[in-house]
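Enquirer: Dropping a prediction and its sequence here:
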There are 2 protein chains.
Amino acid sequence: MNAQQAPQGGDGTIGKAVAVLDLVAGFRRPVRFSELRAQSDYPKATLYRLVQTLTSQGLLTHDSERQTYAPGLRLMRLAHAAWQQASLAPVARPHLDRLAAEICETVHLAQLDAGQVLYVDKRVPEQPVEMFSQAGKVGPAHCTGVGKAMLAHLDAPALDKAVALQSFYRFTPHTITDAAGLRAELAEIRAQGFAFDREEHEPGIICIAVPILTGRGRLLGALSVTSVTARKSLADLETLAPALREAAARIARDTEAWRFPDPGAAREGEKDV
Amino acid sequence: MNAQQAPQGGDGTIGKAVAVLDLVAGFRRPVRFSELRAQSDYPKATLYRLVQTLTSQGLLTHDSERQTYAPGLRLMRLAHAAWQQASLAPVARPHLDRLAAEICETVHLAQLDAGQVLYVDKRVPEQPVEMFSQAGKVGPAHCTGVGKAMLAHLDAPALDKAVALQSFYRFTPHTITDAAGLRAELAEIRAQGFAFDREEHEPGIICIAVPILTGRGRLLGALSVTSVTARKSLADLETLAPALREAAARIARDTEAWRFPDPGAAREGEKDV
DNA sequence: GCGACCGTCTCATTATTTGAGACGAGGTTT
DNA sequence: AAACCTCGTCTCAAATAATGAGACGGTCGC
């Protein structure tokens, strides 16, 4: 399959292009060409052409006055398709709504992407939502409830890969900072069926998370309820576990049903806007 | 039926890869390899390797049981960066909130991408939002308020390009279906400073839109208020024009201020989630 | 068991990417 | 002002990576 795992970068021209895309996205602001150059191993001309091609494809935008590059809007249309087709969010929406209304705390829906937590949807009580500002966001897996809940239900090879991708950055005094500790925690999570975040990512923030699994145990994503220590204890959160588990089960069921429509019902013209 | 948009490859390997990405996204559902093959001019092996590379990069996902491909989650993280950096949405958010609260109708924020309208944010009164389900969505420019408002403020070469990209599909009896008609309409829009959608996209749906322009007249995007004929008339909508214009001006001002921060501030660590 | 289809893979050919360096336009320093 | 940078852009021979006809083995339907 994949020929040889280059330390980074990846396969062929496309891999390089995506690496550049990531590089640009990694800066939180429009970047100059020279800044990219400083961060990249590619020679000047190569990087230049790469950036130019990406710009011409709309994956990057180039502010010609300011001479800066930023991720392009075309990514948003593609991401919209990804959100629709590859994420749990469309299917999970009603269940998230219900859950958020029932419990009155923040609810997250996440999936695993390259060893990281990718949030695909979110509900904040009484606060109108913020679209892309939350969906698409990524976070660490080793210190979040959804992250650990998902890692706990990977099979061995996938888990090894994912663990190797963790930064183990210490966000708070409670953060688990090594692979052994994480694996121990994951075993416990697997045993009890849910994961806590004990202020491991942010001080004062705790959460309980459950995995979303198919009937045959394949990992789809995770669901969490977040609160603050001032308002709730871990024991409080634990009482929510049944509700979470049920919502997760419903999401899994709907996903499986939705992903395998009877072959009769295919191609329908859908409306836009 | 599904996307036919044959951008005929474009430049180099990257162009082909993006074309495949678009092709996959164009189907509204996971697709088999053979389906892609039927829609693509690339020979079997070429398409195969392309798809495989994209999958290995996470831009596509491959459901190995079902043997289908779908856009990958990695697109969402990239799009999140695009949303943050290249779209007006983060800056416009408070203004959209205010506008939506003031007027009690649906508000759209859009930008132009490849001649199409790309919605980057939206407010629906009293309805919690839906994240990616709306942002990232694309629509036609020739028959929407935001589309026409933006086209009207392009310079000649950009306008020519954009007009050439229109499908001029007749959505309703009121849709403008040819370039000449559209250009006439655009002249009028330019003169009066706002655009109507007179049930041109969907029967019963009308809207008023204004462009968002920089101080020097460069087009940034557009802002619209949508309603239904049962509730409001075009004349009603026209009374909202001043409020819209002011919101647009504020968004433009904030955008210009935000895009040119004093050079003192470099890389700062930001919080996640 | 037969035939058709499908996804995967090979390998010589070819086209595309590569990258050191040239170049000119600003800006800054001396 | 002249000399000196730095930056973005572009060129061209060399080399690498993409190409695509066709082979291969599996699966499904009959």
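Expert: On my side now, so go ahead. Residues are numbered from 1 along each chain as shown, chains lettered A, B, ... in the order given.

Enquirer: From now on I want contacts and neighbour counts done on CA atoms only, so please keep to that.
Expert: Fine.

Enquirer: Get me the contact residues on chain A for DNA strand C.
Expert: A:1, A:13, A:16, A:42-46, A:49-50 (C-alpha under 7 Å from any atom of the strand).

Enquirer: in chain A, what secondary structure element scores lowest on mean pLDDT?
Expert: Among the helical and strand segments of chain A, the one scoring lowest on mean pLDDT, DSSP states H and E is strand A:138-139, with a mean of 83.

Enquirer: and after that one, which helix or strand comes next?
Expert: Using DSSP states H and E, the helix or strand that follows strand A:138-139 in sequence is helix A:145-151.

Enquirer: what helices or strands is that next one leaning on?
Expert: strand A:106-113, strand A:116-123, helix A:179-192, strand A:195-198, strand A:205-213, strand A:219-228 (3 or more C-alpha pairs under 8 Å, 6 or more residues apart in numbering or on different chains; DSSP states H and E).

Enquirer: Just the C-alphas of the helix or strand that that helix is followed by, formatted as CSV.
Expert: Following helix A:145-151 in sequence order, the next helix or strand is helix A:156-164 (DSSP H and E). Taking Å, rounded to 0.1, in the frame of the first residue of the first chain, the C-alpha atoms of helix A:156-164 are listed here in CSV:
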residue,chain,number,x,y,z
ALA,A,156,-4.9,-2.4,18.9
PRO,A,157,-3.2,-1.3,15.7
ALA,A,158,-5.3,1.8,15.4
LEU,A,159,-4.7,2.6,19.1
ASP,A,160,-1.0,2.3,18.7
LYS,A,161,-1.0,4.7,15.8
ALA,A,162,-3.2,7.1,17.7
VAL,A,163,-1.2,7.0,20.8
ALA,A,164,1.9,7.7,18.8
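
Enquirer: and the helix of greatest length in chain A, how far from the chain's centre?
Expert: As assigned by DSSP state H, the longest helix anywhere in chain A is helix A:241-259. In terms of C-alpha atoms, centre = their mean, to the nearest Å, the centre of helix A:241-259 is set 18 Å apart from its chain centre.

Enquirer: cool, stretch A:105-121 as well?
Expert: Centroid displacement of stretch A:105-121 relative to its chain, using C-alpha atoms, centre = their mean, is 4 Å.

Enquirer: what does that stretch rub up against?
Expert: With contact meaning C-alpha atoms under 8 Å, 6 or more residues apart in numbering or on different chains, stretch A:105-121 is reached by A:83, A:87-89, A:96, A:99-100, A:122-125, A:134-141, A:146-147, A:150, A:161-163, A:165-166, A:220-227, B:73-74, B:77, B:131.

Enquirer: what sits against A:Leu237?
Expert: Contacts of A:Leu237 (C-alpha under 8 Å, 6+ apart): A:207-208, A:225.

Enquirer: Is it possible to get TSV of those that adds pLDDT, neighbour count and distance to B:Gln57?
Expert: Shown next, in TSV, are those (pLDDT from 0 to 100; neighbours: other C-alpha atoms under 10 Å in any protein chain shown; distance: C-alpha to C-alpha, whole Å):
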residue	pLDDT	neighbour count	distance to B:Gln57
A:Cys207	94	27	31
A:Ile208	96	28	31
A:Val225	95	27	31
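
Enquirer: With distance to DNA strand D added, can I get these in a markdown table?
Expert: Converted to a markdown table, the contacts of A:Leu237 look like this (distance: C-alpha to the nearest atom of the strand, whole Å):
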| residue | distance to DNA strand D |
| --- | --- |
| A:Cys207 | 43 |
| A:Ile208 | 40 |
| A:Val225 | 41 |
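
Enquirer: Once you drop chain neighbours, what's closest to the residue sitting nearest the centre point of chain A?
Expert: The centroid of chain A falls nearest to A:Leu118 when counting by C-alpha atoms, centre = their mean (0.6 Å). Leaving out its chain neighbours, the residue that sits closest to A:Leu118 by C-alpha to C-alpha, 6 or more residues apart in numbering or on different chains is A:Val138, at 4.4 Å.

Enquirer: next one: A:Leu99
Expert: A:Ala247 (7.2 Å).

Enquirer: Quick check: A:Ala149 touching A:Ser224?
Expert: No: at 9.2 Å, A:Ala149 does not count as touching A:Ser224 under the criterion of C-alpha atoms under 8 Å.

Enquirer: Touching both of these two, which residues are there?
Expert: A:209-210.

Enquirer: outside of stretch A:96-104, which residues touch it?
Expert: By C-alpha under 8 Å, 6+ apart, stretch A:96-104 touches A:106-107, A:122-125, A:240, A:243-244, A:247.

Enquirer: Give me the buried entries from the residues you listed.
Expert: The neighbour-count criterion (16 or more other C-alpha atoms under 10 Å in any protein chain shown) marks A:106-107, A:122-125, A:244, A:247 among the contacts of stretch A:96-104 as buried.

Enquirer: ok, back up a step: check which helices and strands the least confident helix or strand of chain A sits against.
Expert: When contacts are defined as 3+ C-alpha pairs under 8 Å, 6+ apart, strand A:138-139 packs onto strand A:116-123.

Enquirer: Distance of A:Ala141 relative to B:Val210?
Expert: A:Ala141 sits 43 Å away from B:Val210, going by C-alpha to C-alpha, to the nearest Å.

Enquirer: Same check on A:Ile103?
Expert: With distances taken as C-alpha to C-alpha, A:Ile103 is found 41 Å from B:Val210.

Enquirer: Neighbour count: those two, which is higher?
Expert: It is B:Val210, of A:Ile103 and B:Val210, that has more neighbours when counted by other C-alpha atoms under 10 Å in any protein chain shown, with 31 against 14.

Enquirer: tell me, how many neighbours does A:Gly215 end up with?
Expert: A:Gly215 has 11 neighbours, counted by other C-alpha under 10 Å.

Enquirer: wait, what's in contact with it?
Expert: Contacts for A:Gly215 (C-alpha under 8 Å, 6+ apart) come out as A:252-253.

Enquirer: can you tell me which helix or strand A:Ala17 belongs to?
Expert: Assessed by DSSP H and E, A:Ala17 sits inside helix A:12-26.

Enquirer: hang on, the earlier thing: quick one, what contacts the residue nearest to A:Leu99?
Expert: A:95-96, A:99.
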